[in-house]
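Colleague: Predicted model and sequence follow; I will ask about them next.
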Amino acid sequence: MTPKLRNLRSALSRVSGLAVAAALTVALAACSEPATPDESTDATTDAAASTSLTVYTSEPQAKIDELVAAFNEQNPDIDVEVFRAGTGDLTARIEAERTTGAIAADVLLAADAPTFESYKSDGLLQQYTPTGADALDPDVVDPEGFYVGTRIIPTVIAYNTGAVDAPPMSWQDLTDPQYLGRITMPNPDVSGAAAYNAAVWLNTPELGEAWLEGLAANEPVIAESNGPVGQAVAAGTQPVGIVVDYLVRELAAKGSPIALSYPTDGVPYVSQPAGIFADSDSTEAAQKFVDFLVSREGQELAVEQSYLPVRDDVGTPDGAPAMSELALLTPDLQVITDSQDEAVVTFNELVG
């Protein structure tokens, strides 16, 4: 090969190599260029927009699941995490978290107002009055704005319709010797509603300790909570029970031989309050959740779930009386709060 041809081949080789290198540089640059705003990932956007909300509740699991689903229809950007337990277990968990650091929940939705009164006194709750609070029963709204009731849950007398011909219509009726060994009721050490009821009964002049002694003389069977009480009455293993009313309606709707009486000498009730913890780092989401609970839509769902509502524009469950027909007991809440622990001790001494 002549020198001239060798020089030409060498030149062509150098040009080809440079072209390949240039092409690679362009390709690599294209791969490393930042994405334009239109190409940013949806996952990153969704993560930034989503808010996490943690709710501690004593609501039955199926009911809280329905409630969260309805809330998310209006607030799809809020990821609600639920921890569900009995009121006693919830308060124990909150106390443990409180003593070791911050409370992990944003919202508490549980049975009784005295628990919320204690948390308010200890500075564990933040003030928030929900939107539309003027439409609510004033008896369930904390005047200082630290919590609000979300449903009326009366305690009633349930009876098995196949085993009881003339049902008891009052608390006093339950002291009749004919009910010896035939009554069941929930444990106030477990059930927040039962603990509250003990304090209400003992602080109601027409009932008091004399009535509780008469009830104890009939040796009622103490069940773990309201659920087993309702089941025992429905099955007829205990013909009469002291239990929250919505459970009776639900069992009757499924065909169980069970009915209820709203006691003529006064109906104690809990209001399943909701409050926002002072430690919450999702306050805006928590406020939206509380707003939904007492909104017209939230209360319509409560009625569908067999609860009595805290507002008067949504009706009541099928088979339930109008709110105006009930002789609800609404004692001084401070008295109940101050006496509840002692009332549970008295109950256990006499009945347990």
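Modeller: Structure received.

Colleague: Do you have the strands of the stretch 101-250 of the chain handy? List them.
Modeller: Listed in chain order, the strands found in the stretch 101-250 of the chain under DSSP state E, counting those that start in this stretch are 107-109, 125-126, 148-149, 153-160, 183-186, 221-223, 240-244.

Colleague: With mean neighbour count and mean pLDDT added, can I get the ones you listed in CSV?
Modeller: For glycine as for every other residue, the C-beta is placed from the backbone atoms N, C-alpha and C. Formatted as CSV, the strands of the stretch 101-250 of the chain follow (neighbours: other Cβ atoms under 10 Å; pLDDT from 0 to 100):
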stretch, mean neighbour count, mean pLDDT
strand 107-109, 24, 98
strand 125-126, 21, 98
strand 148-149, 24, 98
strand 153-160, 25, 98
strand 183-186, 24, 98
strand 221-223, 19, 97
strand 240-244, 28, 98
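
Colleague: Any chance of those strands in TSV with distance to residue 252 as columns?
Modeller: Conversion of these to TSV gives the following (distance: least, Cβ to Cβ, whole Å):
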stretch	distance to residue 252
strand 107-109	26
strand 125-126	37
strand 148-149	25
strand 153-160	9
strand 183-186	17
strand 221-223	19
strand 240-244	12
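
Colleague: Relative to residue 88, which of those strands is closest?
Modeller: strand 183-186 (11.2 Å; Cβ to Cβ).

Colleague: What's the mean pLDDT across stretch 227-234?
Modeller: Stretch 227-234 shows a mean pLDDT of 97.

Colleague: Put the alpha carbons of that stretch into PDB.
Modeller: The C-alpha trace of stretch 227-234 is given here as PDB (Å, rounded to 0.1, in the frame of the first residue of the first chain):
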ATOM      1  CA  GLY A 227     -71.400  -7.300  72.500                       C
ATOM      2  CA  PRO A 228     -71.500 -10.500  74.600                       C
ATOM      3  CA  VAL A 229     -74.400  -9.100  76.600                       C
ATOM      4  CA  GLY A 230     -76.500  -8.700  73.400                       C
ATOM      5  CA  GLN A 231     -75.600 -12.100  72.200                       C
ATOM      6  CA  ALA A 232     -76.500 -13.800  75.500                       C
ATOM      7  CA  VAL A 233     -80.000 -12.100  75.500                       C
ATOM      8  CA  ALA A 234     -80.500 -13.000  71.800                       C
END
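
Colleague: just checking, residue 328 touches residue 154?
Modeller: Yes. Counting by Cβ atoms under 8 Å, residue 328 touches residue 154, with 7.1 Å between them.

Colleague: Need the residues touching each of the two.
Modeller: 267, 269 (Cβ atoms under 8 Å, 6 or more residues apart in numbering).

Colleague: partner residues bridging residue 153?
Modeller: Beta-bridge pairing of residue 153 under DSSP bridges involves residue 270.

Colleague: List the contacts of it.
Modeller: 111, 193, 244, 245, 246, 269, 270, 271, 272, 307, 308.

Colleague: Go through these and say which is closest to residue 284.
Modeller: Residue 284 has its nearest neighbour among the contacts of residue 153 in residue 272, at 22.7 Å by Cβ to Cβ.

Colleague: Could you report the separation of the closest one from residue 194?
Modeller: 14 Å (Cβ to Cβ, to the nearest Å).
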